[in-house]
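Colleague: Model the following, please.
(2 chains)
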Amino acid sequence: GNSVTQMEGPVTLSEEAFLTINCTYTATGYPSLFWYVQYPGEGLQLLLKATKADDKGSNKGFEATYRKETTSFHLEKGSVQVSDSAVYFCALSDPGSGTYKYIFGTGTRLKVLA
Amino acid sequence: DVKVTQSSRYLVKRTGEKVFLECVQDMDHENMFWYRQDPGLGLRLIYFSYDVKMKEKGDIPEGYSVSREKKERFSLILESASTNQTSMYLCASPGIGQGALTEAFFGQGTRLTVV
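Modeller: As a prediction, this is how the structure comes out:
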């Protein structure tokens, strides 16, 4: 079945450090891939997405590239800020599975220190 | 600009009570979802609905039921609350484009404590 695996946290970085959060997936079809972010006390919101192989999603300085050959969608940011402290979720949606559902990873908590 | 609204941010209920969690979306979406979020387990799908009066079990439906009488409203019901249902509950409503789910809009969450 479909699944998403993302790196365990928490990840603690200093401000302006480079961020990578790894995400790999298994899917039977051709999924769409998403990164969602959850700030403290809030629901999730979409950060970026990619719908086909080699697509790059980007938003707010974050980027992720849909790599079909490695079944990965790693999240990167060149210079993190304290305001980026949040929980990040990788997710997929596979219409080939026959139902409209998301599969979420377990989330990675990021803490950025000033 | 609010798109998905959950009726309560915090709830405290007693064991055995029947609990209703309400979710309303203003985007005219057909799909709506209920998740629970627990530390280390991420988001787990409880139930989802793809149309009025239609519902499908998710991964952890035991102890829960749902109601969708109107397109904009999706209710989660805990038939007899238990302490292991203490959790954060998230409602979401995604759009569909080109046969696939697009962005999901989430409510702010309801933190339920069962004592």
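Colleague: Next one, pLDDT for residue 10 please.
Modeller: Chain wasn't specified; assuming chain A. As predicted, A:P10 sits at a pLDDT of 94.
Colleague: that's the wrong chain, I meant chain B
Modeller: Looking at B:Y10, its pLDDT is 96.
Colleague: before we move on, what about A:S97?
Modeller: For A:S97, the model assigns a pLDDT of 66.
Colleague: who touches A:A50 in this structure?
Modeller: Counting by Cβ atoms under 8 Å, 6 or more residues apart in numbering or on different chains, A:A50 touches A:S32, A:L33, A:K56, A:G57, A:A64, A:T65, A:Y66, A:F73. Glycine gets a C-beta too; all of them are placed from N, C-alpha and C.
Colleague: low-scoring stretches of the chain, by residue?
Modeller: Unless you meant another one, I'm taking chain A. Residue ranges of chain A with pLDDT under 70: A:96-98.
Colleague: wait, I meant chain B there
Modeller: Along chain B, segments meeting pLDDT under 70 span B:2.
Colleague: go with 50
Modeller: Applying pLDDT under 50 to chain B flags no residue at all.
Colleague: can you tell me how far the most far-flung residue of chain B relative to its centre sits from A:K52?
Modeller: Using Cα atoms, centre = their mean, the residue of chain B lying farthest from its centre is B:Q98. It sits 25.0 Å away. Distance, B:Q98 to A:K52, by Cβ to Cβ, to the nearest Å: 11 Å.
Colleague: neighbours of residue 105, just the number please.
Modeller: No chain in the question, so chain A it is. When neighbours are defined as other Cβ atoms under 10 Å in any protein chain shown, A:G105 has 25 of them.
Colleague: ah, no, chain B please
Modeller: Neighbours of B:F105 (other Cβ under 10 Å): 20.
Colleague: Who is B:F20 paired with across the strands?
Modeller: B:I77 (DSSP bridges).
Colleague: any idea how far it is from A:E16?
Modeller: In terms of Cβ to Cβ, B:F20 sits 47 Å off from A:E16.
Colleague: One more: B:E72?
Modeller: Distance from B:E72 to A:E16, counting by Cβ to Cβ: 44 Å.
Colleague: which residues sit in contact with the residue nearest the centre of chain B?
Modeller: Residue closest to the average C-alpha location in chain B (Cα atoms, centre = their mean): B:W34, at 2.6 Å. B:W34 makes contact with B:21, B:23, B:45-48, B:58, B:64, B:66, B:74, B:76, B:89-92, according to Cβ under 8 Å, 6+ apart.
Colleague: mind checking which helix or strand it is in?
Modeller: Using DSSP states H and E, the element containing B:W34 is strand B:32-38.
Colleague: Mind checking what helix or strand follows that strand in sequence?
Modeller: strand B:42-51.
Colleague: And chain A, is that following strand touching that?
Modeller: Yes - applying Cβ under 8 Å from any Cβ of the partner chain, one finds strand B:42-51 touching chain A at B:G42, B:L43, B:L45, B:F48, B:Y50.
Colleague: Could you verify my assumption that B:C91 touches B:F74?
Modeller: Yes - with contact defined as Cβ atoms under 8 Å, B:C91 reaches B:F74; the gap is 6.6 Å.
Colleague: any shared contact partners between the two?
Modeller: Joint contacts of B:C91 and B:F74 (Cβ under 8 Å, 6+ apart) are B:C23, B:Q25, B:M32, B:W34.
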